[in-house]
Structures are given as C-alpha cells and as structure tokens.
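**Q** quick check, what structure comes out for this input:
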Amino acid sequence: MKSVLFQINNYKQKISFLLICLLMFFPMLEVKTNSKIILFFFIFSVVLNFKTGINSIKNAPIKGLVINSLFFLLLVVSIIYTSDKNTGFKIITRQLSFVLFPIIIFYFINLTKKQLIILAKLFVLANVLSVLYLCIKLSENVSILEVATTNFDFRSIINTGTYKDWHPTYISAFILTSIILLIEYCYAVTKKAYKASAIAIIIVLSLFLFMLNSRAVVYSYIIIIPIYLFIKTKTLKGRIIFLLLCIPFLVGFYYLLMNNFSLNYRLVLQLEKVYAWFTDATVSTSGIDGRYFINQCNTNLFLNNPFLGYGIGDVSYNLSNCYLDMEFMGLYDNNLNTHNNYFYLLLSGGLVTLFAFLVLIINNMVLSIKTKNYAYFFVLMLLMVVFLTETFFERLNGIIFFSAFNSLYYYYVTNSQKLNNEY
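**A** Okay, the predicted model is just below:
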C-alpha cells in the first residue's frame, strides 16, 4: 500500500515538474501562452499535491516565504487606497507569480538537484532558440553578417519589428543569465567536448548580447563576467593566466568601442549625457535624456507621497499628469512608465514596499555568498542594475523571470546540503 501511495505521489510531482520545464521556455513564447502555462502549473501543483503542501506549510518555517513575497503583499494592500481599483486588480492579477511561485516551490513540490540542473539547461536552450529565431527573422530584411561586422545595431531593428512581446533589454538579461549558467556548467562538467560546446555557445550569446546593445546589461556583462570567471578560477596560476588574457580582450573591446558608432553612441556618448545631468549642462529632449525628465516626475511624485505611494493602480495616471503639468509632451504622448523598478515600487507602495523589496535582494545575496552560489549572486546583481533603467515588473516575462528564478535559487541555497546529498 505504501509503495502504491509513493508511486502516486511521485507521479503527481512529475506532472508539476513537466509543467515548470515547459515554463522555462517563456523567453521564446508569447504572453498568452505563458499565462496559460503559469495557470496550469499553479492549479495542478496545488490540486495534485494539496496534502503535501498543507503539511509543509504547517511544519516548515514561513520566513523564506515572507522575505520573498512581502513586497508584493504590500502592493496588494495598496489597492485599498488606490483610486483606480480596476487597473490595480489587473496589475495584481498579472503579478500573482510573486507570491505563488515561492508557495509552490517552497512547499508543494520537491525538486532534486538533478531537476534544478535540467531546468537551468532548458532555460539556456530556450534562449539559444530565441537567438536563432531572431537571427532568422532579422535575416529576412538585413544581413546578419553585415550588422555583426559594422554597426552592431540589432536593437533598433528589433524595436521597429513585431517580434512577439520581446524587448531588447529583457532578451539581453535572459541571455546574460544563460551565460552565467553556462559558465557554471563549464566548471562543473569534466568532458572536454561538453566544455567546448558550452564555450562556443557562450561566445555566440555574448556576440548577440552586444549586438542588442542594452546599456544596463552590457555594463553588467563587462563587470560580472570577469569577476565571476576570476572567482571560479581557483588556482593562482589560473588566475594569473586569466588576468593576462584580459589585456588583449580589453584592448580589442576598446578598439571596437571607439570604431563602432552604435556601441560608442550608446555605451560612451550616452553615459556622458548622464554625467551632464549632474553638471547643469544642457539637457536635450531625445535619447537617454528623456529619462532625465521621467526621473524628474518620478522624484516629484515620490516626494509628494513618500511613505505609502499612490497605490498600484494609480502610478501610470499620476505619472501622465506630471508629464502634462511639466509640459513633457513627448513622454505624455507615449505614456512612458517610470523606467526604473525602484521608483515603480516607491510610487506604488511607498518606502515601506521598497524597503521590503531591498530586504529580499540583500538577504538573498548574503545567502548566496554564504553558500558560495555565486551564480545566484550575480543574477541578482544583474537585476539590480537592470532595475535602474527598466520597470521590469510591468512585463509578464520580467515577472516570470524574477519570481521563478529567485524562488528556484532560494530553494536551492536553503536546501543545498540536502540536495547535494541526494544528487
């Protein structure tokens, strides 16, 4: 009888695992498809593993759940004082993954280390397929080789195309995460053929990431990858060789930066414009300077209501009114969002919500260092940089990425000893 019950429970767990495997392909799927997969994953995981989940909730500590979902629960509370409750409920519904993913992964399904590795590989595969898809679609109108050897400007091509719900910064963030996972794989695997294949994929993904030319992600790449490789290289000899190899790489990158207009414009000249914001120099109304005016409204709105914000349903409305009052007509006509995830949380739920979110990030970064899971640490670092330039939680792909990966990594670092013993 016990054997039969074990087989039934094992079967239920496999269904949940297959659904989350499917969800790892979210970077290449349309929003409607991702919404359906998430819904099926949550419903089946709860229904099939209801007894297991309830027992886990009763017996296991809830500290992890509170840390990883409190900021979202505060956003839910903000509906009480938001005037546009319909918009608020729509946003909260789209963001339910922030609390449902931790609940399901922490309590309802029991993932093994092998399964977590499979999920990581599927995510990398999804991004490789996304890159291939984009290359095929783009090659219908432009020469990929020409773009790769001249202006590196895939970004403007993607922005003017209709390639699902993809945004260059989001694609780049997913690609850089894949590169981090592949580096981890290179140091874990022993077969040279597997290492060589992983390195080849890293090179291709890196090239494509630079061609997408997302400032936040490219800057993150330049900082994260060398530090990560240095940490992963354990021997003194290996680290010296690595530092010596960095010299020709930096020289080559500098040459490329100085001789490629697209890279130079976005990574150097645009950064000089940001510096000009703090020196009272003339600010234009286009390019990155548009963010100067957005942040003026972000700051003004925050200072007017710092503690509670305006409620999750009223952020867009108040921002648009600010654009109109300050005669930022280009921003008003395009109904631009905060372009900053920290301001998004501040304007939605005030300082208390941002504080809860920062506690999540800092706590999990500390955990990742304690358990020496540097991949998790650098993924969080990447997101912290991207949050400065994007309202990452307004798109479903951003919500899925943060809620799924943060929950899976947190599950791993808090159960690493048990998972390593099982593997």
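**Q** CA only for contacts and neighbour counts going forward, please
**A** Noted.
**Q** any idea how far Arg94 lies from Leu383?
**A** Using Cα to Cα, to the nearest Å, one gets 20 Å for the distance from Arg94 to Leu383.
**Q** of the two, who's got more company?
**A** Leu383 (20 against 16; other Cα atoms under 10 Å).
**Q** which stretch of helix or strand covers the more buried one?
**A** Using DSSP states H and E, the element containing Leu383 is helix 374-386.
**Q** how about that helix: buried residues?
**A** By neighbour count on 16 or more other Cα atoms under 10 Å, the buried set for helix 374-386 is 374-386.
**Q** again with stretch 293-302
**A** Neighbour counts over stretch 293-302 (16+ other Cα under 10 Å) mark 293-295, 297-298, 301-302 as buried.
**Q** how distant is that stretch from the center of its chain?
**A** How far stretch 293-302 lies from its chain's middle: 24 Å, per Cα atoms, centre = their mean, to the nearest Å.
**Q** name the nearest of the buried residues of stretch 293-302 relative to Trp166.
**A** Nearest to Trp166 out of the buried residues of stretch 293-302 is Ile294 (Cα to Cα; 22.6 Å).
**Q** could I get the strand or helix carrying Leu271 in CSV with only the CA atoms?
**A** In the assignment (DSSP H and E), Leu271 maps to helix 270-277. Extracted C-alpha coordinates of helix 270-277, given in CSV (Å, rounded to 0.1, in the frame of the first residue of the first chain):
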residue,chain,number,x,y,z
GLN,A,270,25.0,58.4,-23.8
LEU,A,271,26.9,57.9,-20.5
GLU,A,272,28.5,61.3,-20.9
LYS,A,273,25.0,62.7,-21.2
VAL,A,274,24.1,61.2,-17.9
TYR,A,275,27.1,62.9,-16.4
ALA,A,276,25.9,66.2,-17.9
TRP,A,277,22.7,65.8,-15.8
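**Q** tell me the angle the helix or strand following that helix makes with helix 270-277.
**A** Using DSSP H and E, the helix or strand that directly follows helix 270-277 along the chain is helix 289-304. Angle of helix 289-304 versus helix 270-277, following axes from the mean of the first three to the mean of the last three Cα atoms, to 10 degrees, is 40 degrees.
**Q** point out the other helices and strands that helix 289-304 packs with.
**A** Counting by 3 or more Cα pairs under 8 Å, 6 or more residues apart in numbering; DSSP states H and E, the packing neighbours recorded for helix 289-304 are helix 270-277, helix 315-325, helix 341-370.
**Q** could you tell me the least trusted of the ones you listed?
**A** Mean pLDDT values for those show the minimum at helix 270-277, a mean of 74.
**Q** the stretch 101-250 of the chain: helices as residue ranges?
**A** Remark: helices assigned in the stretch 101-250 of the chain by DSSP state H, counting those that start in this stretch are 113-139, 144-149, 154-160, 168-188, 192-212, 215-232, 236-259.
**Q** can you pull the buried residues of the fourth one?
**A** Within helix 168-188, the residues scored as buried using 16+ other Cα under 10 Å are 168-186.
**Q** who touches it?
**A** Contacts with helix 168-188, where a contact means Cα atoms under 8 Å, 6 or more residues apart in numbering, come from 27, 120, 123-124, 127, 155, 158-159, 194-195, 198-199, 202, 205-206, 209, 212-214, 216-217, 221, 225, 229, 232, 375, 378-379, 382-383, 386, 397-398.
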